[in-house]
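Enquirer: Structure for this input, please:
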Amino acid sequence: MSKKVFTIVSIICVLLILIVTFVPFKQNPSSTTRVVVDHFNHKYAFPSCYDYEEASNYIDEVTLKDAQDLKYPPMNECTKKKAQPQYKSMLKRLLESTEI
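Expert: Numbering: from 1, shown residues only. Purely as a prediction, here's the structure:
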């Protein structure tokens, strides 16, 4: 009886480890992510994607949700890619959050 229980528990543990390691889950960008909005051109960009040559002087820093509530489109392709949901495994998320 105990050998059977051990086998079942072992199989469940292996399955959980495989799921955590390989199965990608959808991850949307946080609504509190900071973005730069250009109120003159009515566009937004992530700070790493901000194009200083296209922008005006009428800029502000707000959350992604606020920029989307203003119905501003992304400034460039880099921002469009970062605003899309990403699919990552739980292990990859954990490694990224701990910066290992």
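Enquirer: ok, Ile19 - how many residues close by?
Expert: The number of residues packed around Ile19, counting by other Cβ atoms under 10 Å, is 13. C-beta: built from backbone N, CA, C; applies to glycine.
Enquirer: what's it in contact with, if anything?
Expert: By Cβ atoms under 8 Å, 6 or more residues apart in numbering, the contact list for Ile19 reads Met90.
Enquirer: Spell out the secondary structure type for it.
Expert: helix (DSSP: H, G, I helix; E, B strand; the rest coil).
Enquirer: So it versus Asn57, what's the distance?
Expert: The gap separating Ile19 from Asn57 is 50 Å, by Cβ to Cβ, to the nearest Å.
Enquirer: Show the pLDDT at the residue nearest to the spatial centre of the chain.
Expert: Ranked by distance to the mean C-alpha position of the chain (Cα atoms, centre = their mean), the top residue is Pro29 at 3.7 Å. On pLDDT, Pro29 comes in at 88.
Enquirer: show me the contacts for it.
Expert: Leu64, Lys82, Ala83, Pro85.
Enquirer: Quick check: the gap between Tyr25 and Cys13.
Expert: Careful, residue 25 is Phe and not Tyr. Phe25 is 20 Å from Cys13, by Cβ to Cβ.
Enquirer: Now the residue nearest to the centre of the chain: which helix or strand?
Expert: In this structure, Pro29 sits in neither a helix nor a strand according to DSSP states H and E.
Enquirer: Tell me where the protein has strands.
Expert: With strands called from DSSP state E, the chain shows them at 24-27, 34-38, 43-45, 59-63, 86-89.
Enquirer: Out of these, which one sits most buried?
Expert: strand 43-45 (a mean of 24; mean count of other Cβ atoms under 10 Å).
Enquirer: can you list the domains in the chain?
Expert: Here the domain assignment for the chain is 1-26+86-100, 29-84, based on automatic domain parsing.
Enquirer: Most tightly packed of those domains?
Expert: Here the criterion is mean neighbour count by mean count of other Cβ under 10 Å, and of those the winner is domain 29-84, at a mean of 15.
Enquirer: Tell me the gap between it and the middle of its chain.
Expert: Computed by Cα atoms, centre = their mean, to the nearest Å, the chain-centroid distance of domain 29-84 equals 15 Å.
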